[in-house]
Every structure is written in C-alpha cells, then in structure tokens.
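J.: pasting a predicted model and its sequence here:
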Amino acid sequence: MKEKDFLAAYEAYSEALFRHCYFRIYDREKAKDMVQETFIRTWEYILKGEKVENIRAFFYRVLNNLVVDEIRRKKSLSLEEITEGGFQASDNKVGKLQVELGAEAVNLMRSMEKMEEEKKQLLIMRFIDGLGPKEIASVVGESENVISVRLSRALKELREIFNNG
C-alpha cells in the first residue's frame with residue numbers, strides 16, 4: 001500500500017473509527033488518541049512489508065484490540081481504587097451523551113449499557129459503524145453466519161431491555 005492510498009483510507013475511515021471508539025469508551029479525547037494510535041500501528045505494520053487485504057477491517061481489528069486493552073486497564077484501575085479506599089463514583093457515561101442525542105437515543109444507549117460487552121460491540125459495528133456481517137466477521141475472527149446469528153440475538157435482547165426498562 002502506498003502512502004497516498006493510506007492517507008485516502010485515513011480520510012475515508014477516521015470519522016467512523018472515532019464514532020466506534022467513542023460509543024465504546026465515552027471519552028472523546030481518549031477516542032481520538034486511540035484512533036490516532038490505530039493508524040500509527042497500521043502504518044508501521046505496512047512499512048514492515050506486511051500485506052493488508054481489507055484495510056477497513058484491519059483498522060477495526062487494531063482499534064478493537066486497543067479498546068479491549070483500555071477496558072481492561074480501567075477495570076484494573078477501578079479495582080485498585082476500591083482496594084486502596086479511594087473509591088470515587090464514575091462519571092455518568094450516558095449523561096455526557098444526553099446533550100448530543102435525543103431522549104430516545106439516550107434510552108437506547110442506556111439499554112445497551114446493560115448488555116454484555118461483546119453484544120454491544122457487535123451492535124455498534126453494525127448500526128453505528130455501518131459494517132456488514134462479513135466485515136464484522138473479519139474484524140472479530142468469526143464466520144459470517146456466526147456473526148449474523150449473534151447480531152440477531154443481540155438485537156432481540158436490546159429490544160427486550162429497551163421495551164421493559
């Protein structure tokens with residue numbers, strides 16, 4: 001991949017990657033940093049002479065790995081804070097979004113917060129990022145059929161949570 005192709009990919013996917021990251025960690029600055037790190041790591045990988053078949057899926061895979069690392073780090077920090085007696089209530093993640101989104105969207109986000117991380121991630125990739133089941137399968141390393149079934153189940157669960165709660 002040439003530099004100009006990579007820059008074109010940056011222009012094409014940076015906003016979608018930011019949205020994906022933001023809707024998983026709810027921290028605008030951290031999301032920007034993680035997207036930047038995604039492009040840096042991808043470019044370094046390409047400079048090593050490695051081939052990337054689907055650049056969009058590769059970006060999402062790198063970003064998802066960074067998000068998982070961040071979530072693990074936050075959980076670790078939270079546990080340390082509690083054990084050291086320095087417990088502090090976390091920010092209301094959904095509250096930050098309320099300014100930007102309508103009430104129904106906020107209720108939908110609250111419903112998603114009650115779901116397992118894996119299911120939430122699939123829904124974000126499908127409906128916020130606009131990835132198809134085939135691309136999601138490439139990102140998470142599963143078959144397209146498995147992703148379609150998981151998406152269907154996640155949607156059903158989200159509907160139940162949204163309607164009942």
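T.: That came through, no problem.
J.: least trustworthy helix or strand in this structure by mean pLDDT?
T.: helix 93-98 (a mean of 48; mean pLDDT, DSSP states H and E).
J.: so where is the chain shaky, pLDDT-wise?
T.: Applying pLDDT under 70 to the chain flags residues 75-103, 165.
J.: host element of residue 36?
T.: Assessed by DSSP states H and E, residue 36 sits inside helix 28-47.
J.: kindly report the same for residue 62.
T.: Assigned by DSSP H and E, residue 62 falls within helix 55-83.
J.: domain-wise, how is this structure divided?
T.: 1-90, 91-165 (automatic domain parsing).
J.: how far off centre is the last one?
T.: Read it as domain 91-165. In this view, domain 91-165 has its centroid 10 Å away from the chain centroid, taken as CA atoms, centre = their mean, to the nearest Å.
J.: cool, the first one as well?
T.: Relative to the mean C-alpha coordinate of its chain, domain 1-90 is positioned 8 Å out (CA atoms, centre = their mean).
J.: after the least confident helix or strand of the chain, which helix or strand is next?
T.: helix 103-113.
J.: any buried residues in the next helix-or-strand element following that next one, and which?
T.: Tracing the chain C-terminally past helix 103-113 and defining elements by DSSP H and E, one meets helix 117-123 next. Neighbour counts over helix 117-123 (16 or more other CB atoms under 10 Å) mark 119-123 as buried. For the C-beta atoms, the positions are set from N, CA and C on the backbone; glycine is no exception.
J.: ditto for stretch 128-141
T.: Buried residues in stretch 128-141 (16+ other CB under 10 Å): 129, 131, 133, 135-140.
J.: who's in contact with residue 55?
T.: By CB atoms under 8 Å, 6 or more residues apart in numbering, the contact list for residue 55 reads 1, 9, 13, 42.
J.: now the buried members of those residues.
T.: Buried residues within the contacts of residue 55, defined by neighbour count using 16+ other CB under 10 Å: 9, 13, 42.
J.: you'd agree the second one is up against residue 59?
T.: Okay, so that is residue 13. Yes - at 5.6 Å, residue 13 counts as touching residue 59 under the criterion of CB atoms under 8 Å.
J.: could you list every helix and strand that the helix holding residue 36 packs against?
T.: helix 3-25, helix 55-83 (3 or more CB pairs under 8 Å, 6 or more residues apart in numbering; DSSP states H and E).
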